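>>> structural data only, the sequence is not supplied:
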Ligand SMILES: [Zn+2]
Ligand SMILES: [Zn+2]
């Protein structure tokens, strides 16, 4: 099983998760053209994408969804509430491209579980994408959490013990506080339905990581209120200071690039 980010941040988000040559895309917040280019950089063909799962209707998550789905006849998976607000924004789609889902479903041979996040959209979800248990292979899971103002109970429930994480480290509280954003925007980002602060995320990760954790990718960093260096240093410091740090040891933590793909991360069996 493998995964990567294809773009990350308020200019557009897309995450790819797959096993063998079957893949699902989580969001497509960049143009269809950019998505295809970034896919080619990690040597994945468009024909290998079997579905697009949408976390919420903000433009940085759906910008290229309609184009991509139309061009390659890829089905789109979303909850009923999300479809209602999202479909007018996607343009014309064939009826059979709509996949209305509830909290769990399968796509590209992977099990997908949606859980709610705390965000100012109609509905908003994080995911746990798992490879079903097979005779000769252990099951593996990638936990995904972006666009949430708080660490929710559902996150604790579903992310604990995942083998890898793509999680939001959106802002540094001091950079937001003293930065140039207008007061209302600072309140939105820092509020209960905004985004996760670096330390907030690290406190969550501390609970979710176990001896099985292989990789952590920090995602959806703010361009104005964070830097890759600050996000990484803050998260690593908190993880190292944790009294559980011995349990998860030297897990590789990296930052998702904003416009280009992260290298493809292959999970160890
Ligand atoms: Zn959002
Ligand atoms: Zn977003």
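Arrived safely, thanks for sending. Everything numeric here is computed off the predicted structure, so don't read it as measured data. Ligands and ions are numbered 1, 2, ... in the order given.

>>> would you list the phi and psi of whichever residue of the chain sits closest to ligand 1?
Per C-beta to the ion, residue 58 is where the chain lies closest to ligand 1, at 3.5 Å. Using the backbone N, CA and C atoms, a C-beta is placed for each residue, glycine as well. Main-chain dihedrals, residue 58, degrees, to the nearest 10: phi -60, psi 150.

>>> who touches it in this structure?
29, 121, 147 (C-beta atoms under 8 Å, 6 or more residues apart in numbering).

>>> could you redo the last one with a cut-off of 7 Å?
When contacts are counted by C-beta atoms under 7 Å, 6 or more residues apart in numbering, residue 58 touches residue 121.

>>> any idea how far it lies from residue 219?
Plainly put, residue 58 is 14 Å away from residue 219 if you go by C-beta to C-beta, to the nearest Å.

>>> ditto for residue 101
In this view, residue 101 and residue 219 are 23 Å apart by C-beta to C-beta.

>>> these two - which one has more neighbours?
Here residue 101 and residue 219 are set side by side on neighbour count (other C-beta atoms under 10 Å), and the busier one is residue 219, at 29 against 21.

>>> that one bridge partners, please.
Taking DSSP bridges as the rule, residue 219 bridges to residue 168.

>>> that one and residue 166 touch, don't they?
Yes - applying C-beta atoms under 7 Å, one finds residue 219 in contact with residue 166, separated by 5.2 Å.

>>> nearest residue to residue 255 in space, please, no chain neighbours.
Closest residue in space to residue 255, ignoring its immediate chain neighbours: residue 228 at 4.1 Å, by C-beta to C-beta, 6 or more residues apart in numbering.

>>> could you count how many residues lie near the one you found?
Close neighbours of residue 228, defined as other C-beta under 10 Å, add up to 15.

>>> also the one 10 residues further on?
Other residues near residue 238 come to 18 when the count uses other C-beta under 10 Å.

>>> do you know how far it is from ligand 2?
For residue 238, the distance to ligand 2 equals 23 Å [C-beta to the ion, to the nearest Å].

>>> not counting sequence-adjacent ones, nearest residue to that residue?
Across the structure, with C-beta to C-beta, 6+ apart as the measure, the residue nearest residue 238 apart from its sequence neighbours is residue 202 (3.7 Å).

>>> confirm that neighbour sits in a strand?
No - with DSSP: H, G, I helix; E, B strand; the rest coil as the criterion, residue 202 is assigned helix and is not in a strand.
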